[in-house]
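**Q** what shape does this take:
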Amino acid sequence: MKQYYVRKLLEKDKLNEISSIIKNANTNNHWIDGLITNPGATHSIKKNLQLNNLDSSKIINDHIMQSLDNDSEFLYFTSASTTNLNSISKTESGGYYNPHMDDFSCGDFSTTVFLNNPEDYGGGELCLYLGGEEEIKIKLDAGWAVTYQTGILHRVNKVSFGNRYVSIFWTKSKIKDLFMRNIYYELKIIQNCLIQQANPIYSLDCIGATKDPLFVIGNMLNDILRKYSSH
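**A** Alright, predicted model coming up:
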């Protein structure tokens, strides 16, 4: 069962504008303590900053949401229903986020979009624990993103130099049943492969349509949504 999905999300023009926004936020000190998102938590849990400018946050959010609209595998992987606004995080040297699970109320999938390049800062890897004896350590180029199931235990390594900038958001899925959500995703992948390999025109009569793999898979996908979709 696929537990996380890595891909390039943002193109250079969007990244350049986001970099300018971050530079302006640094100049004008538009950052507040990241503990504001964790009422009752202390710096023993995390030490980072959050962008505190609504106009700047909206521009970054719009760029990311526009890119998500074209990210078909994200839509299949998450069976996305709604995605909340981005939280823009800055982790300075000495900052970290110790092991935790995102609250279930956030949604079903968590996404981290890396907004600057790995050489800009030391450490700062997103560490996912999927079981076993090792963590999966993820530190991506600017514009790349990773989406993972919200219930996965994770942390952010301490930053040893520079600043780490990321955008974080959560997505609620239309399909709450984890097993059926994975089946839906795999069927979408098969459907796309069939479309690329064959003429995606269904039979013109009903009997022929019932023997058309594309038609059958399309109906199966709709049946899954009818039965398992949250309303």
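**Q** quick one: the helices in the chain, in order.
**A** Ranges of helices in the chain, per DSSP state H, are 12-27, 54-69, 72-78, 178-197, 206-209, 213-228.
**Q** so what's the gap between the third one and the chain middle?
**A** Its chain's C-alpha centre and that of helix 72-78 lie 10 Å apart, by Cα atoms, centre = their mean, to the nearest Å.
**Q** and the fourth one, by the same measure?
**A** How far helix 178-197 lies from its chain's middle: 19 Å, per Cα atoms, centre = their mean.
**Q** just the C-alphas of the one helix or strand in the chain whose mean pLDDT sits lowest, formatted as CSV.
**A** With mean pLDDT, DSSP states H and E as the measure, the helix or strand of the chain carrying the lowest mean pLDDT is helix 206-209 (a mean of 79). The C-alpha atoms that make up helix 206-209 are tabulated as CSV, following Å, rounded to 0.1, in the frame of the first residue of the first chain:
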residue,chain,number,x,y,z
CYS,A,206,-24.6,-1.7,-24.0
ILE,A,207,-23.6,-5.3,-24.4
GLY,A,208,-20.3,-4.3,-25.9
ALA,A,209,-19.7,-1.7,-23.2
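**Q** separation between residue 57 and residue 64?
**A** 11 Å (Cβ to Cβ, to the nearest Å). Bear in mind the C-beta positions are built from the backbone N, C-alpha and C, glycine included.
**Q** looking at these two, which one has more neighbours?
**A** Between residue 57 and residue 64, counted using other Cβ atoms under 10 Å, the more crowded position is residue 64 (24 against 20).
**Q** isn't that one up against residue 113?
**A** Yes. Here residue 64 lies in contact with residue 113, judged by Cβ atoms under 8 Å, at a distance of 6.1 Å.
**Q** now for those two: what residues contact both?
**A** Residues touching both residue 64 and residue 113 (Cβ atoms under 8 Å, 6 or more residues apart in numbering) are 9, 10, 86, 167.
**Q** where is pLDDT lowest across these?
**A** Within the shared contacts of residue 64 and residue 113, pLDDT reaches its minimum at residue 86, with 91.
**Q** mind listing what the nearest residue to residue 75 once chain neighbours are set aside touches?
**A** Nearest non-adjacent residue to residue 75, counting by Cβ to Cβ, 6 or more residues apart in numbering: residue 68, 7.9 Å away. Applying Cβ under 8 Å, 6+ apart to residue 68 gives the contacts 9, 74, 75, 83.
**Q** the most centrally placed residue in the chain - nearest residue in space that isn't next to it in sequence?
**A** Taking Cα atoms, centre = their mean, the centroid of the chain lies closest to residue 111, which sits 2.3 Å from it. Once flanking residues are discounted, residue 111 sits nearest to residue 147: 4.4 Å by Cβ to Cβ, 6+ apart.
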